[in-house]
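> What follows is a predicted protein model with its sequence.
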Amino acid sequence: MRVVAVLAVLGRGLIPADTPFIKSDDLGLTRGDGVFESIHVRAGRPWLLDEHLARMSASAATLDLTLPPLRELAAQACSAWPGDREGVLKLVLTRGSESLGTPTAYATVNPVPAASIAARDNGIKINTLSLGVPVEARKDAPWLLAGAKTLSYAINMATQRYAMAKGADDALWVSTDGFALEGPTSSLVWRSGSSLATVPAAATGILPGITARFALDNASSMGLQATERMITVEELHAVDAVWLLSSIRGIAPIKSIDGVPLRDFAADTARLRAMLGF
Ligand code: PLP
């Protein structure tokens with residue numbers, strides 16, 4: 001039988017992927033109260049698993065949740081996925097059923113969406129959309145859960161739908177004071193001269209992207225220096241190359257911002273793609 005999806009539940013192990021197992025009063029469902037990670041599966045293994053588990057643990061701590069050990073669960077899920085096919089490993093931890101009071105943890109593996117694969121080759125058009133806060137608003141407001149990858153992604157998804165309804169492929173959030181932040185599911189990375197740059201996470205409250213971190217940590221392999229700095233949308237139009245990076249789509253070269261085409265930077269994209277292995 002062709003494997004199309006995998007489900008492994010903490011404490012139960014692998015079960016048929018279409019098994020209903022979440023209770024209707026699970027706080028992950030009713031309040032988006034929980035955390036998750038999406039991890040690229042390549043050659044049958046989760047890529048950068050340590051980094052994802054570390055971020056998930058930090059996200060959980062931000063919500064006063066304790067991450068149970070999930071390494072074994074991740075391995076179990078990946079063992080049921082064909083080794084020659086790239087996939088999406090999702091690890092989910094919720095506060096759990098309101099009546100039972102015990103957290104819910106599970107892992108799934110699913111195919112990488114066709115649109116994600118197409119974006120690597122074809123690039124994307126993005127629209128800038130306001131996040132509605134100044135760049136430093138979330139820094140001193142821990143209740144806004146800056147930098148945590150929580151299950152409350154309704155705003156992220158609405159942002160993408162809004163951009164798509166206007167004819168773009170994705171969105172880039174900007175602060176009310178004009179700085180580029182991140183995509184709703186991706187990090188902004190650009191080359192400017194000899195710098196490979198991204199937006200600083202701690203100073204802005206964006207999610208610290210693992211793919212962007214990997215790219216910057218390996219910038220020297222492209223003969224570049226890693227830089228973290230703020231950038232305005234106006235400045236972005238003038239950089240040498242610009243991408244949205246994320247674990248599953250990998251690398252999405254930006255073709256235009258708010259309908260204004262960018263210069264061609266296919267050679268940079270090919271080098272960054274090779275470095276990231278997408
Ligand atoms: N920013 C947000 C809001 C995200 O949801 C994601 C990924 O899902 C990213 C950035 C990119 O992070 P990563 O490279 O760790 O996937």
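All right, it came through fine. Bear in mind that the values here come from a model prediction, so they are computed numbers and not experimental data. Numbering: from 1, shown residues only.
> these two touch, right, residue 129 and residue 175?
No: between residue 129 and residue 175 there is no contact, the gap being 11.2 Å when judged by Cβ atoms under 8 Å. No exception for glycine: its C-beta is placed from N, CA and C like everyone else's.
> name the element residue 188 belongs to?
Here residue 188, judged by DSSP states H and E, is contained in strand 187-192.
> For the ligand, what's its nearest residue on the stretch 1-150 of the chain.
When Cβ to the nearest ligand atom is the measure, the stretch 1-150 of the chain has its nearest residue to the ligand at residue 38, with 5.6 Å between them.
> next one: phi and psi at that residue?
Residue 38 has phi and psi values of phi -110, psi 120 when expressed as degrees, to the nearest 10.
> which residues of the stretch 151-278 of the chain fall in strands?
All strands of the stretch 151-278 of the chain, identified by DSSP state E, counting those that start in this stretch, fall at 170-174, 187-192, 195-198, 225-228, 241-246, 250-257, 260-261.
> Make TSV out of those strands and add mean pLDDT and mean neighbour count.
What follows is the strands of the stretch 151-278 of the chain, written out as TSV (pLDDT from 0 to 100; neighbours: other Cβ atoms under 10 Å):
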stretch	mean pLDDT	mean neighbour count
strand 170-174	98	23
strand 187-192	98	22
strand 195-198	98	22
strand 225-228	98	15
strand 241-246	98	26
strand 250-257	98	21
strand 260-261	98	9
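> quick one, which of those is nearest to residue 62?
Go through the strands of the stretch 151-278 of the chain one by one with Cβ to Cβ and the one that ends up closest to residue 62 is strand 187-192, at 18.5 Å.
> now the angle from that closest one to strand 250-257?
Strand 187-192 and strand 250-257 meet at an angle of 70 degrees, taking axes from the mean of the first three to the mean of the last three Cα atoms, to 10 degrees as the criterion.
> Look up the closest residue to the residue in the chain sticking out farthest from the centre, ignoring the ones flanking it.
Using Cα atoms, centre = their mean, the residue of the chain lying farthest from its centre is residue 99. It sits 31.4 Å away. Among residues not flanking residue 99 along the chain, residue 25 sits closest, at 5.6 Å (Cβ to Cβ, 6 or more residues apart in numbering).
> Would you confirm that residue 21 contacts residue 97?
No: with contacts counted by Cβ under 8 Å, residue 21 stays clear of residue 97, the gap being 11.0 Å.
> Pretty sure the residue farthest from the centre of the chain sits in a strand.
No: under DSSP: H, G, I helix; E, B strand; the rest coil, residue 99 sits outside any strand and is assigned coil.
> and the gap between it and residue 210?
Look at residue 99 and residue 210: by Cβ to Cβ, to the nearest Å, they are 35 Å apart.
> and what of residue 271?
20 Å.
> cool, and residue 129?
The value you get for residue 129 to residue 210, if Cβ to Cβ is used, is 23 Å.
> More neighbours: those two, which one.
For the pair residue 129 and residue 210, the greater number of neighbours falls to residue 210 (24 against 20), based on other Cβ atoms under 10 Å.
> sorry, back to before: looking at residue 21 and residue 97, which is more packed in?
The residue with more neighbours, out of residue 21 and residue 97 and counting by other Cβ under 10 Å, is residue 97; that gives 19 against 11.
> can you pull up the bridge partners for that one?
Residues found in beta-bridge contact with residue 97 (criterion: DSSP bridges) are residue 26.
> residues contacting it?
Taking Cβ atoms under 8 Å, 6 or more residues apart in numbering as the criterion, residue 97 is in contact with 23, 25-27, 104.
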